[in-house]
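*Asks:* Next comes the sequence, and after it the predicted model I'd like to discuss.
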Amino acid sequence: MKSKMISQRKLDSILAKHKLWIKSEHKKGKRANLSGQDLGVQNLNFMDLQYANLSNANLTASNLIDSNLSFADLRGANLTDALITLANLRGVLLHGPELLDICGFSKCKVSKRLLPWLSCHPNFAEWLPKMVIYEDD
């Protein structure tokens with residue numbers, strides 16, 4: 001499935017509404033739906049993308065450093081070469097190879113429940129010391 005390129009103006013609008021949605025505890029604004037969008041090489045540093053729908057999005061080489069991706073839907077997203085250092089991945093929805101080719105995996109917060117799945121990857125031994133592992137509630 002080919003991702004759709006999104007304009008900076010539209011992305012800014014979606015993220016502003018999502019920020020309001022988060023701050024108002026889902027009473028105002030709107031949850032970000034970026035499913036299938038091309039967000040490759042975007043600078044999403046320090047963004048609060050919790051609960052955002054990023055399924056099937058192209059996040060190739062995106063900068064997600066210190067972003068909050070908790071409970072975001074990343075199923076089918078392309079995260080190749082994405083930088084997710086210090087990103088919060090608590091409760092993130094994943095299936096398949098979404099985390100396998102990520103560069104910048106250092107200090108990434110990873111749920112303990114994902115360890116068995118990640119341990120099958122040949123780079124797991126290299127990744128493990130760089131991860132911050134947490135227990136799910």
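*Replies:* Great, that's in hand. Numbers count the residues shown, from 1 in each chain.

*Asks:* where in the chain is pLDDT low?
*Replies:* 1-3, 95-111, 117, 120-121, 123, 136-137 (pLDDT under 70).

*Asks:* show me where this protein has helices.
*Replies:* Using DSSP state H, the helices of the chain run over residues 8-23, 115-118, 124-127.

*Asks:* Is there a neighbour count for Asn68? I'd like the number.
*Replies:* 20 (other CB atoms under 10 Å). Glycine gets a C-beta too; all of them are placed from N, C-alpha and C.

*Asks:* Over to Gly76?
*Replies:* Other residues close to Gly76 by other CB under 10 Å number 18.

*Asks:* coming back round to it: in a markdown table, list the helices of the chain along with mean neighbour count and distance to Leu83.
*Replies:* Shown next, in a markdown table, are these (neighbours: other CB atoms under 10 Å; distance: least, CB to CB, whole Å):
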| stretch | mean neighbour count | distance to Leu83 |
| --- | --- | --- |
| helix 8-23 | 14 | 18 |
| helix 115-118 | 13 | 18 |
| helix 124-127 | 12 | 14 |
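
*Asks:* Mind checking the ones you listed for the one nearest to Leu44?
*Replies:* Between Leu44 and those, the shortest gap by CB to CB is with helix 8-23, which sits at 8.5 Å.

*Asks:* Tabulate the CA atom coordinates of the closest one in PDB.
*Replies:* C-alpha atoms of helix 8-23 as PDB (Å, rounded to 0.1, in the frame of the first residue of the first chain):
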ATOM      1  CA  GLN A   8       3.100  20.500   6.200                       C
ATOM      2  CA  ARG A   9       0.000  22.700   6.700                       C
ATOM      3  CA  LYS A  10      -2.300  19.700   7.000                       C
ATOM      4  CA  LEU A  11       0.100  17.900   9.300                       C
ATOM      5  CA  ASP A  12       0.300  21.000  11.600                       C
ATOM      6  CA  SER A  13      -3.500  21.200  11.700                       C
ATOM      7  CA  ILE A  14      -3.900  17.500  12.600                       C
ATOM      8  CA  LEU A  15      -1.200  17.700  15.300                       C
ATOM      9  CA  ALA A  16      -2.700  20.900  16.800                       C
ATOM     10  CA  LYS A  17      -6.100  19.200  17.000                       C
ATOM     11  CA  HIS A  18      -4.500  16.100  18.500                       C
ATOM     12  CA  LYS A  19      -2.700  18.200  21.100                       C
ATOM     13  CA  LEU A  20      -6.000  19.800  22.200                       C
ATOM     14  CA  TRP A  21      -7.600  16.300  22.200                       C
ATOM     15  CA  ILE A  22      -4.900  15.100  24.600                       C
ATOM     16  CA  LYS A  23      -5.000  18.200  26.900                       C
END
